[in-house]
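A.B. asks: Everything below, folded, please.
(chains A and B)
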Amino acid sequence: MKDVCVVVGASHAAAQLAPSVRKNGWEGQIVVVGEEPCLPYHRPPLSKTYLAGEKKLNNILIKPQYAYDKADVHFTLGVKVESIDRDAKTVRLDNGEDMHYQKLALATGARSRRIPLPGGNRDGVFYLRNLEDADQIRRYIGHGKRAVIIGGGYIGLEAAAALRKAGMVVTVLEAMARVLQRVTTEEISSFYRRIHTEEGVDIVVDVAVERIDGGQAVESVVCADGQTFSADVVIIGVGVQPNIELAEAAGLEVGNGIVVDEFARTSDPDIVAAGDCSWHYNPIYDRHIRLESVQNANEHANVAAATICGKLEPYRAVPWFWSDQYDLKLQIAGLSQGYDEVIIRGDTEAGRSFAVFYLLEGRLLAVDAINKPREFMLGKRIISEALDLDCSGLSDESIPLKNLINS
Amino acid sequence: MALITYKEHGGTEHKIQVGIGSSVMQGAIDNGIEGIVAECGGACSCGTCHCYVDEAWFGKTGSADDMELEMLECVSEAKETSRLSCQIEVVEDLDGLVVYLPESQY
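C.D. replies: Numbers count the residues shown, from 1 in each chain, chains lettered A, B, ... in the order given. Here you go, the predicted structure:
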């Protein structure tokens, strides 16, 4: 029997992993099984240019069909994997078929975290993760229409910017004291609050959403303190959770993600996991992490693909992220958790360009760069290569960052 | 369509017909050309689609905006003819374009 490599999930990690398995010399079949009916597409535009209607599906496909054909990668789409039988080395599909594998890759990703909200099933209330979500929301976009966004994280703020650009009346409701509280510092939070306010978005913090009122269709969002916000459409963006259930049911080790070693191997040597769904070790930060990012999906997928082909290359990458809102490009290099010092380069109170450096005992952990690609690019390199940085000059924009790197 | 020649660092050459309105980066990704990583999918965010435009063609590819210029300052092995290929839109005038790919995108 010919060797078969089955990839479960058909998003960023799978789109990178499957062709990469071929590139690493796999001679057997490669089959990607995905629940959604279409080829892997870029997810970031769903809350940005795609939501705003500037791009179509064809513009956001990660690769066209012929790129997969060239790598002889097959897709089974619109089908869900229901279970894994590790002894028989098969996966059971929801169309009743069993698919045999020699090597299995779990690229199951993450899904929107749902909140139990009375009235949350009315028409016009959406989460935003998949193409279908974005397509549905797009039907509600219209000049002067009212959008209420629950959650002031990246997805919520990006969606707010896109809908505002389309001329909608937009309100963002955030449960915590500031937007982006879970992921960034106070300076960045107040900066984004200022920008959104300048752009005409109403940001309300410290507010608990109680229910969604209306008939069949949503009419308003009601908060615990009595505040009520009229809405034609509601988008809930309160984070994601990793899709680990398939792995868990198969007896693989899971925690906050599917547990993998430095080579992306799960507790079963014939099964790898990569991307958002994985709980993996990062040697730069010396701890286990789970990331929700395109960078991690891609680079982790390459490590997993090499492992499948018997080439063990440990995963070592600086995590990085980006967020586009209005004319702002936020680029984040590294992970800031655990910092003991913050240095700001540029003016956060006026203008739209500055960078925040996060340090621990003088070592650079992370950089948040807003319209400062130089700081992002160099910051990423400093973290990756553990370069020695003269932090005393960091806050002085007149000194080029590259001059602060001690060789 | 415009015919674009991608020359890899090792000398391998790919002649590809790329659709008008697409980008030089997308043409490489669609055809599995090594040397263009394009992590961010063309959002001018990662600097991993760096290429050198053949000198004869450089003027025809338009000019890089500030964001791209700053990114280019920081890519490894930047030259006068460096561009981020996601920012070069394929237009009819670029039929025949030649780009060189750097040794590494990191």
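A.B. asks: mean confidence for the host helix or strand of B:E70?
C.D. replies: Under the criterion of DSSP states H and E, B:E70 resides in helix B:66-74. In this model, helix B:66-74 carries a mean pLDDT of 92.
A.B. asks: Same check on stretch A:57-69?
C.D. replies: 90.
A.B. asks: That stretch: how far from the chain's middle?
C.D. replies: Stretch A:57-69 sits 20 Å away from the centroid of its parent chain (C-alpha atoms, centre = their mean, to the nearest Å).
A.B. asks: before we move on, what about stretch A:258-273?
C.D. replies: On C-alpha atoms, centre = their mean, the centre of stretch A:258-273 falls 21 Å from the chain's centre.
A.B. asks: how about it as CSV, C-alpha atoms only?
C.D. replies: The C-alpha coordinates for stretch A:258-273 follow below in CSV (Å, rounded to 0.1, in the frame of the first residue of the first chain):
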residue,chain,number,x,y,z
ILE,A,258,-2.2,19.8,21.7
VAL,A,259,1.1,19.1,23.5
VAL,A,260,4.0,18.7,21.1
ASP,A,261,7.8,18.4,21.5
GLU,A,262,10.4,20.7,19.8
PHE,A,263,9.9,18.7,16.5
ALA,A,264,6.1,19.2,16.5
ARG,A,265,5.5,15.6,17.6
THR,A,266,2.6,14.8,19.8
SER,A,267,2.7,12.0,22.3
ASP,A,268,2.2,9.6,19.3
PRO,A,269,5.4,9.6,17.2
ASP,A,270,3.3,9.2,14.0
ILE,A,271,1.2,12.3,14.7
VAL,A,272,2.4,15.9,14.6
ALA,A,273,0.5,19.0,15.4
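A.B. asks: buried stuff in it?
C.D. replies: Within stretch A:258-273, the residues that count as buried by 16 or more other C-beta atoms under 10 Å in any protein chain shown are A:258-266, A:268, A:271-273. For every residue, glycine as well, the C-beta is placed using N, CA and C.
A.B. asks: Quickly name whichever of those residues is closest to B:S63.
C.D. replies: Of all those, the one with the least separation from B:S63 (C-beta to C-beta) is A:A264, at 41.5 Å.
A.B. asks: tell me the SS of whichever residue of the stretch 101-250 of chain A sits closest to chain B?
C.D. replies: Among the residues of the stretch 101-250 of chain A, A:E158 lies closest to chain B, at 12.0 Å counting by C-beta to the nearest C-beta. Under the three-state scheme (DSSP: H, G, I helix; E, B strand; the rest coil), A:E158 adopts helix.
A.B. asks: Please tell me how far the spatially closest residue to it that is not a sequence neighbour sits from chain B.
C.D. replies: For A:E158, ignoring the flanking residues on the chain, the nearest one in space by C-beta to C-beta, 6 or more residues apart in numbering or on different chains is A:S47 at 4.0 Å. Counting by C-beta to the nearest C-beta, to the nearest Å, the separation of A:S47 from chain B is 12 Å.
A.B. asks: In the stretch 151-300 of chain A, what residue spans correspond to helices?
C.D. replies: In the stretch 151-300 of chain A, the segments counted as helices under DSSP state H, counting those that start in this stretch are A:154-165, A:186-198, A:245-249, A:294-308.
A.B. asks: Can you give me the buried ones in the last one?
C.D. replies: Read it as helix A:294-308. Neighbour count says helix A:294-308 has A:294-308 buried, by 16+ other C-beta under 10 Å.
A.B. asks: and what of stretch A:121-135?
C.D. replies: A:R122, A:G124, A:V125, A:F126, A:Y127, A:L128, A:R129, A:N130, A:L131, A:D133, A:A134.
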